[in-house]
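> Quick one, fold the following:
(2 chains)
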2 protein chains.
Amino acid sequence: MLAHAPTPGTSLWVHAHPQEGSFNDQLFRAGTAALARRGEVLRSDLYRQGFDPVLRTQDAGDRATEAGNLATRIAQAHAAGQIPEPVREEQRKLAAADLLVLQFPLWWYGTPAILKGWLDRVLTEGFAYGDMDPELAVPRRYGDGGLAGRRALVVVTAGEDPASIGPRGISGDIESLLFPLTHGTLWYVGIEVLDIHLVTDADALGAEGVAHEVDRLRERLAGIDAERPVPFRSLREGDYRGTRALREDLLPGRVDLGIHRQIAR
Amino acid sequence: MLAHAPTPGTSLWVHAHPQEGSFNDQLFRAGTAALARRGEVLRSDLYRQGFDPVLRTQDAGDRATEAGNLATRIAQAHAAGQIPEPVREEQRKLAAADLLVLQFPLWWYGTPAILKGWLDRVLTEGFAYGDMDPELAVPRRYGDGGLAGRRALVVVTAGEDPASIGPRGISGDIESLLFPLTHGTLWYVGIEVLDIHLVTDADALGAEGVAHEVDRLRERLAGIDAERPVPFRSLREGDYRGTRALREDLLPGRVDLGIHRQIAR
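Sure thing, here's the model as predicted:
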């Protein structure tokens, strides 16, 4: 079993905006300061630290030039202690934290490349997922993985207005747009996800709007440990039994991504 | 109006897999060879050409250190001819092509960072979108943008089995997972999207399976110009009139991303 027991109260804030002094930078500074009351705050300011987001075959260490599945070879490199140091440093920070914050501007309805590559490179098999569930004989994932025992908050700024990016909005609703991150990535490796912290109309806030949003984030963070996470369904619990599609008797007929949340029981 | 008239029959194939000789590499070689019958085939082999996917303030040229919205400043840099040469080269290729193929392995249920950053950097305001619709008084987008007159094919390989990544599958269905790419990016800038070309169980194909998939892609490409694109709704046509959320009388009650496809009329 992969075990990375976090230090209670330690946070990791990953920040992915290129411009110092930007609205995102202000949220980053205010947010990391606010979390200091719960313990140590580790920071990954990806642009300032020059994080290289491109997963290359070299991440597989001695097995870089071998054939075969790359993720598997990287897992072997991880076991052999051959993960590149900048990636290992991110893994150490993530292993230490019980709260992960991912903060970014919404670019093409997803994460900026520098943050996507942080996920690609840091959440390696062998570190974040990959051990077997002895009962189900499948890898432990979706609510049950190498990073279980942690929670994550996604803080995202978008130029869209609330209607465009809300339910039935032309851009798609933010929960569906970020499902690959919240469910497909964080929940996959066992991290519980809190409701997305979305700032809309982010390019048109003005000074007063910025101050309001900074305050709103601070308030959110003050109560963060009392929040309930999004109740995504666990692979273990049988809702997908047999086919890995949601059982037909659960929410029959629905095909939206919201079906992967548990209903009230 | 942004006008980049494509050359009929010219294709651009963007390929984002790190390993030469991989299954993805075989699809890339076979696919680009197959498209040669329709005209010139331009290639962006992102790993081999060392494409830098990180959008930095420097992309704004003389305005790199100014304050204000970064996308707007990059649009100004574009107008002033100050976009970095590797990005301009990609824009030239994209401007020339009437068929765009984006091929990648599904990493964390999205594009590898190197491809995400190609989108972040290449599809700049002023090149791919940003001019105003005189009638609606909003920027032309969603079916009507700087790159209208083109079609795109997304070719994606996934480790998942078909049930996991199909309707109601635990991973989410591939159409919803890639909606930020197909609808939020390609359709946003006016590019019509063909049905996703998905390879499932991609890590377990074996030699025979690989050969079958190479043939299946070739066959698909042989008929590509006769295919009908996904009928995403256009912003211009009134389905989102007023609020930019889908009108209440259209598919009432549904909240899945499939509502953004036109229904049969």
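
> Point out where chain A drops to low pLDDT.
A:1-3, A:264-265 (pLDDT under 70).

> where exactly do the strands run in it?
A:11-15, A:41-45, A:99-105, A:132-133, A:138-139, A:151-157, A:192-193, A:197-199 (DSSP state E).

> among the ones you listed, which is nearest chain B?
strand A:99-105 (8.5 Å; CB to the nearest CB). C-betas here are computed from N, CA, C, even on glycine.

> Mind listing what's buried along the closest one?
A:99, A:100, A:101, A:102, A:103, A:104, A:105 (16 or more other CB atoms under 10 Å in any protein chain shown).

> thought the second one was touching residue A:10?
So the one you mean is residue A:100. No: counting by CB atoms under 8 Å, residue A:100 does not reach residue A:10; the two are 10.2 Å apart.

> Now render the buried residues of strand A:99-105 as a markdown table, adding distance to chain B.
Shown next, in a markdown table, are those (distance: CB to the nearest CB, whole Å):
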| residue | distance to chain B |
| --- | --- |
| A:99 | 20 |
| A:100 | 15 |
| A:101 | 18 |
| A:102 | 12 |
| A:103 | 16 |
| A:104 | 11 |
| A:105 | 9 |
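
> List the contacts of residue A:53.
Residue A:53 makes contacts with A:46, A:113-118, A:120-121, B:53-54, B:113-114, B:117, as judged by CB atoms under 8 Å, 6 or more residues apart in numbering or on different chains.

> Ignore what I typed, I meant residue A:113.
Per CB under 8 Å, 6+ apart, neighbours of residue A:113: A:53, B:53, B:54, B:55, B:113, B:114, B:116, B:117, B:120.

> show me the contacts for the nearest residue to residue A:166 once chain neighbours are set aside.
The spatial neighbour of residue A:166 that comes closest, neighbours along the chain excluded (CB to CB, 6 or more residues apart in numbering or on different chains), is residue A:173 at 5.7 Å. Residue A:173 is in contact with A:165, A:166, A:167, B:255, counting by CB under 8 Å, 6+ apart.

> ranges for the helices of the stretch 151-265 of chain A?
Ranges of helices in the stretch 151-265 of chain A, per DSSP state H, counting those that start in this stretch, are A:174-177, A:179-181, A:206-222.

> closest to residue A:26 out of these?
helix A:206-222 (5.9 Å; CB to CB).

> Does chain B have contacts with the closest one?
No: judged by CB under 8 Å from any CB of the partner chain, helix A:206-222 stays clear of chain B, getting no closer than 12.1 Å.

> And for residue A:226, the neighbour number?
Burial measure for residue A:226: 6 neighbouring residues, criterion other CB atoms under 10 Å in any protein chain shown.

> ok, now which ones touch it?
Per CB under 8 Å, 6+ apart, neighbours of residue A:226: none.

> Equivalent analysis for the one 4 residues further on, please.
Residues counted as contacts of residue A:230 (CB under 8 Å, 6+ apart) are A:182, A:192, A:193, A:194, A:195, A:261.

> Next, format the contacts of residue A:113 as a markdown table and append distance to residue B:23.
Shown next, in a markdown table, are the contacts of residue A:113 (distance: CB to CB, whole Å):
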| residue | distance to residue B:23 |
| --- | --- |
| A:53 | 23 |
| B:53 | 22 |
| B:54 | 27 |
| B:55 | 29 |
| B:113 | 20 |
| B:114 | 18 |
| B:116 | 21 |
| B:117 | 23 |
| B:120 | 26 |
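
> And the furthest pair within those residues?
B:55 and B:114 (12.5 Å).

> okay, those two: which has more neighbours?
residue B:114 (28 against 25).

> where's the more buried one relative to residue A:107, distance?
From residue B:114 over to residue A:107 the distance is 15 Å, taken as CB to CB, to the nearest Å.

> swap in residue A:85?
28 Å.

> Which of those two has more residues huddled nearby?
Counted by other CB under 10 Å, residue A:85 and residue A:107 do not tie: residue A:107 has more neighbours, with 25 against 7.

> Tell me who's in contact with the nearest residue to the more buried one once chain neighbours are set aside.
If the residues on either side of it in the chain are set aside, residue A:107 comes closest to residue B:120, at 5.2 Å by CB to CB, 6+ apart. Shown in contact with residue B:120 (CB under 8 Å, 6+ apart): A:107, A:108, A:112, A:113, B:53, B:55.

> hmm, 10 Å instead?
A:107-108, A:110-114, A:116, B:53-55, B:59, B:87, B:113, B:185 (CB atoms under 10 Å, 6 or more residues apart in numbering or on different chains).

> Now distance to residue A:19 too, for the contacts of residue A:53, in a markdown table please.
Formatted as a markdown table, these follow (distance: CB to CB, whole Å):
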| residue | distance to residue A:19 |
| --- | --- |
| A:46 | 13 |
| A:113 | 16 |
| A:114 | 13 |
| A:115 | 15 |
| A:116 | 19 |
| A:117 | 19 |
| A:118 | 18 |
| A:120 | 23 |
| A:121 | 23 |
| B:53 | 17 |
| B:54 | 13 |
| B:113 | 19 |
| B:114 | 22 |
| B:117 | 17 |
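
> Please report how far residue A:192 lies from residue A:228.
For residue A:192 relative to residue A:228 (CB to CB), the value is 9 Å.

> Tell me which of the two has more neighbours.
Using other CB under 10 Å as the criterion, residue A:192 and residue A:228 rank with residue A:192 on top: 19 against 8.

> pretty sure that one contacts residue A:144?
No: in terms of CB atoms under 10 Å, residue A:192 does not count as a neighbour of residue A:144; the distance is 11.1 Å.

> right, and residue A:42 touches residue A:92 too?
Yes: assessed by CB under 10 Å, residue A:42 is found in contact with residue A:92 at 9.0 Å.

> Now for the two: what residues contact both?
Contacts common to residue A:42 and residue A:92, judged by CB under 10 Å, 6+ apart, are residue A:12.
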